[in-house]
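Q: could you work out the structure for the sequence below:
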Amino acid sequence: MTQNFKPQNMPTLIPYLTVSQAEESIRFYEKAFGFKLTNPPAKNDKGQISHVEMSYLDIQIMFTPEGVWDSIHKTPNNLGIIMPISLYLYTLDVDKLYEQALAHGAISIREPADEFWGDRFCQLKDIDGYLWSFATHVNKA
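A: Below is the predicted model:
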């Protein structure tokens, strides 16, 4: 007997981020990284955005702005930390995505380069301080 333990078409792992401002993050992820809203953002009883779901290819992210649910969750920038992990995403053209992201406010951590493991790879920091690694596999060996 197969049980449906998750919604259909949802990945098993979904990063859930805390952002400073939901509207600004929606615009940033759309323009810089190419994400699209998968549903209209959910709003709380005060009319504030409380939950956002976005996707890129087969990747899904979710986020909520600081202070909506509690005062504990903060962005890396507002905590004053460098993220100890990064999100690693494959993209069709890492060079194009890198330039697009820079044009919309991302900060370059590492420019695109061909790496020993077979990926053309770059790393960027988003507007809230999250580290994103993007790659296009170039070695067919």
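Q: so for the strand or helix carrying residue 96, what gets flagged as buried?
A: For residue 96, the host element (DSSP states H and E) is helix 94-103. Across helix 94-103, burial judged by 16 or more other CB atoms under 10 Å covers 94, 97, 98, 101. Just so you know, the C-beta spots here come from the backbone N, C-alpha and C atoms, and that holds for glycine as well.
Q: show me the two of those residues that sit farthest apart.
A: Pairwise distances among the buried residues of helix 94-103 were taken by CB to CB; the largest, 10.2 Å, belongs to 94 and 101.
Q: okay, and the beta partners of the residue nearest to the spatial centre of the chain?
A: The centroid of the chain falls nearest to residue 61 when counting by CA atoms, centre = their mean (6.0 Å). When assigned by DSSP bridges, residue 61 has beta-bridge partners residue 54.
Q: that one reaches residue 35, doesn't it?
A: Yes: proximity of residue 61 to residue 35 meets the contact threshold set by CB atoms under 8 Å, at 6.9 Å.
Q: right, I'll call it a day here.
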